[in-house]
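**Student:** just a sequence and a predicted model for now, questions to come.
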Amino acid sequence: FVSIATILMISEIAEILSKSTKDCYDQKTAISFSGGIDSTVILTVLQKEKIGIFTLGIKGSQDLENSRKIADEMKLKITEIIAQEKQILDTYAKVCQLLPLDMLIVEILIPVYLVAKAASEAGYKNLLFGSGAEEVFAGYEKYYRTYEEGKDVELMLKEEFRTLPERDIKYVKIICNHFGIEPKFPFYNKELADLMFKVPIKERLDNRKIKKGILRKAAALLGVS
C-alpha cells in the first residue's frame, strides 16, 4: 500500500533523481552498470548522452544477462568485463593492499576495482555508481528483518545514509582515485533523502519481494520499463 501523499511525491522524486544524475555528467563519464534498478535509472536519464557503460560478471551471470538485455532495448553498446578466477584472486590481493578491510567488504569492492580500471584504460574520468539507493529507498533485506523485530528502522536508515561517506563511498573513492577516476553518486543526494525520509517506513517497506517500490514508480516516470 502506498498513500496518496506518497504518490504525489513520486514525480518530485523522479525530478530530483533526474537532476542529480545530470549534474554528475560530463563528456568523459561512464557508468558501472549491473542491470539492476539503480544503475538502470542512471542509464535511462543519460541514454541520449555520450556515456561509457561497463558491466562486470562471471560467464553466464545474471548481471551480464540483465545488462545485455537492457542495453539491447536501449540500442546502446556496453563494455563487458568477464572476470576469470585468477583475475578475481589477483584483484582481491590488490584491493587488500589499498584497503585492508574485512574480507566481505573487500569482496564487494572487487567489481569496483575492475570496472574503474577498465574505465580508466578507456579514457573516462568520471564513473557513476548507485551507492545510496539502498539506504534512501530501503532496499536491503536487513531492513525488513529489523522492522519485523520491532526495532527503529527509520533511525537505522538515516544513520546509514549519514555515514556512507565514511564507509562505502569512501572505499569506492579510494579505489577509483587509484586509477585517476572520480566516482559520483547520483543517489547520495540530501534533497532526495530528506524527501524519502518523510515517507512512512511501512510504505518504504511495502513490497518485500521486489523491494524499492517507490523508486520503481519514480523510475517508470523517467522511462524505465
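**Tutor:** Received the coordinates, thanks.

**Student:** alpha carbons only for contacts and neighbour counts from here, please
**Tutor:** Fine.

**Student:** for the chain, which segments count as helices?
**Tutor:** With DSSP state H, the ranges of helices along the chain come out as 4-23, 37-46, 62-74, 85-98, 103-121, 133-137, 141-148, 153-162, 168-178, 190-196, 201-204, 213-221.

**Student:** minimum distance to L127: which of those has it?
**Tutor:** helix 103-121 (7.3 Å; CA to CA).

**Student:** tell me what angle the closest one forms with helix 85-98.
**Tutor:** Between helix 103-121 and helix 85-98, the angle comes out at 100 degrees (axes from the mean of the first three to the mean of the last three CA atoms, to 10 degrees).

**Student:** now do the same for the residue most central in space within the chain: its pLDDT.
**Tutor:** Of all residues in the chain, the one closest to the mean position by CA atoms, centre = their mean is G130, 1.7 Å from it. You'll see G130 listed with a pLDDT of 97.

**Student:** name the single longest strand found in this protein.
**Tutor:** What stands out as the longest strand in the chain, according to DSSP state E, is strand 52-57.

**Student:** off-centre distance for that strand?
**Tutor:** Distance of strand 52-57 from the chain centroid (CA atoms, centre = their mean, to the nearest Å) equals 13 Å.

**Student:** contacting residues around that strand?
**Tutor:** With contacts defined as CA atoms under 8 Å, 6 or more residues apart in numbering, strand 52-57 is touched by 29-34, 63-64, 67, 77-83, 111, 114-115, 118-119, 124.

**Student:** strands paired with it, and their directions?
**Tutor:** strand 29-32 (parallel), strand 79-82 (parallel) (DSSP bridges).

**Student:** want to throw these into a markdown table with distance to P183 and mean neighbour count?
**Tutor:** Output for the strands paired with strand 52-57, formatted as a markdown table (distance: least, CA to CA, whole Å; neighbours: other CA atoms under 10 Å):
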| stretch | distance to P183 | mean neighbour count |
| --- | --- | --- |
| strand 29-32 | 9 | 26 |
| strand 79-82 | 18 | 16 |
